[in-house]
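Asks: just a sequence and a predicted model for now, questions to come.
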Amino acid sequence: MSATAHPAASADQAELAKFDALAHRFWDPRGEFRPLHRLNPLRLQFVAARTALAGARVLDVGCGGGLLAESLAAAGAQVTAIDLAPAMIEVARLHAIERGVAIDYRLAGAGELLAAGEPPFDAICCMEMLEHLPDPAALVATLARLLRPGGDLFVSTINRNGRSFALAIVAAEYLLRLLPRGTHEYERFVRPSELAAMARAAGLALQDLAGIDYDPFTEHCALGEDPSVNYLAHFRRAGDAP
């Protein structure tokens with residue numbers, strides 16, 4: 001849930017500051033990040049059903065405090081996890097040490113990995129992050145270049161419509177206070193058609209789309225077919241099938 005990309009291209013310093021200030025509470029399942037704790041098993045389920053994680057080289061972009069990164073590692077992946085929020089990376093590293101989990105955490109953006117000639121990844125996860133970026137298309141293009149041919153990109157974000165505004169902002173931030181006020185900006189929400197167009201321009205083909213049914217009043221969540229609010233998308237880079 002923190003903005004991560006090339007610093008000069010897509011990162012928003014105000015967004016980074018928001019999440020950095022809350023980093024110390026990241027692993028509190030009843031704190032400001034509790035929706036992520038609820039959603040994380042679904043994210044892992046979606047990814048694991050569509051790509052082989054055991055032994056795979058996986059990049060977690062915008063890893064925050066390491067919630068998904070640790071789950072990917074537990075599933076057998078060799079995980080590199082990046083974020084531009086220093087406090088988040090510190091929290092992630094300390095939590096991994098405490099749990100005895102081997103994850104390559106880096107305070108870096110995706111563009112920096114690309115510029116440094118990072119070997120391509122088998123799969124990349126970019127969860128709850130595009131809606132915090134001023135230029136999500138730039139990040140999608142960078143991630144496509146970090147994938148090996150036939151590699152998989154998994155994205156979760158928030159649709160842009162009246163229902164998503166009511167649930168993701170009004171209910172979650174103001175009525176129920178599941179998230180700090182100002183966490184999301186409606187104008188930055190990304191419609192599935194817009195995300196698919198960004199991906200096509202980057203040489204990625206849409207493989208699957210699933211909605212995340214998340215009720216902010218009960219905090220119940222499940223994978224479904226309705227992408228009108230939160231949704232997950234699976235893309236594959238052109239090339240041989242994995």
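Replies: Received the coordinates, thanks. Numbering: from 1, shown residues only.

Asks: ok, then the element right after the worst-scoring helix or strand of the chain on mean pLDDT?
Replies: Using mean pLDDT, DSSP states H and E, the weakest-scoring helix or strand in the chain turns out to be helix 13-21, at a mean of 63. For helix 13-21, the following helix or strand on the C-terminal side (DSSP states H and E) is helix 34-48.

Asks: quick one: buried residues of that next one?
Replies: Using 16 or more other C-beta atoms under 10 Å as the test for burial, helix 34-48 gives 35, 36, 37, 38, 39, 40, 42, 43, 44, 46, 47, 48. Where you see a C-beta, it was placed from the backbone N, CA and C, and this is true even at glycine.

Asks: same question, stretch 92-103
Replies: Buried-residue list, stretch 92-103, by 16+ other C-beta under 10 Å: 92, 93, 95, 96, 101, 103.

Asks: follow-up on the earlier one: any idea which of the buried residues of helix 34-48 is closest to residue 206?
Replies: residue 46 (14.0 Å; C-beta to C-beta).

Asks: who's the residue nearest to the closest one when sequence neighbours are not counted bridged to?
Replies: Nearest non-adjacent residue to residue 46, counting by C-beta to C-beta, 6 or more residues apart in numbering: residue 232, 4.9 Å away. Residue 232 forms beta bridges with residue 156, residue 210, as assigned by DSSP bridges.

Asks: which residues pair with residue 152 across the strands?
Replies: Beta bridges link residue 152 to residue 123, residue 236 when assigned by DSSP bridges.

Asks: count of residues packed around it?
Replies: By other C-beta atoms under 10 Å, 24 other residues sit near residue 152.

Asks: can you check the one 10 residues further on too?
Replies: By the criterion of other C-beta under 10 Å, residue 162 has 9 neighbours.

Asks: that one and residue 215: what is the separation?
Replies: 17 Å (C-beta to C-beta, to the nearest Å).

Asks: one more: residue 129?
Replies: Distance of residue 129 to residue 215, given as C-beta to C-beta: 23 Å.

Asks: returning to what we had before: which one of the buried residues of stretch 92-103 sits closest to residue 31?
Replies: residue 95 (13.9 Å).

Asks: tell me the contacts of residue 210?
Replies: 46, 223, 224, 225, 227, 231, 232 (C-beta atoms under 8 Å, 6 or more residues apart in numbering).

Asks: which one of those is nearest to residue 179?
Replies: Nearest to residue 179 among these, counting by C-beta to C-beta, is residue 231 at 17.6 Å.

Asks: burial count for that closest one?
Replies: Residue 231 has 23 nearby residues by other C-beta under 10 Å.

Asks: apart from its chain neighbours, what residue comes closest to the residue minimising distance to the centre of the chain?
Replies: Closest to where the C-alpha atoms of the chain average out (C-alpha atoms, centre = their mean) is residue 127, at 1.3 Å. Leaving aside its sequence neighbours, residue 127 sits nearest to residue 156 (C-beta to C-beta, 6+ apart; 4.5 Å).
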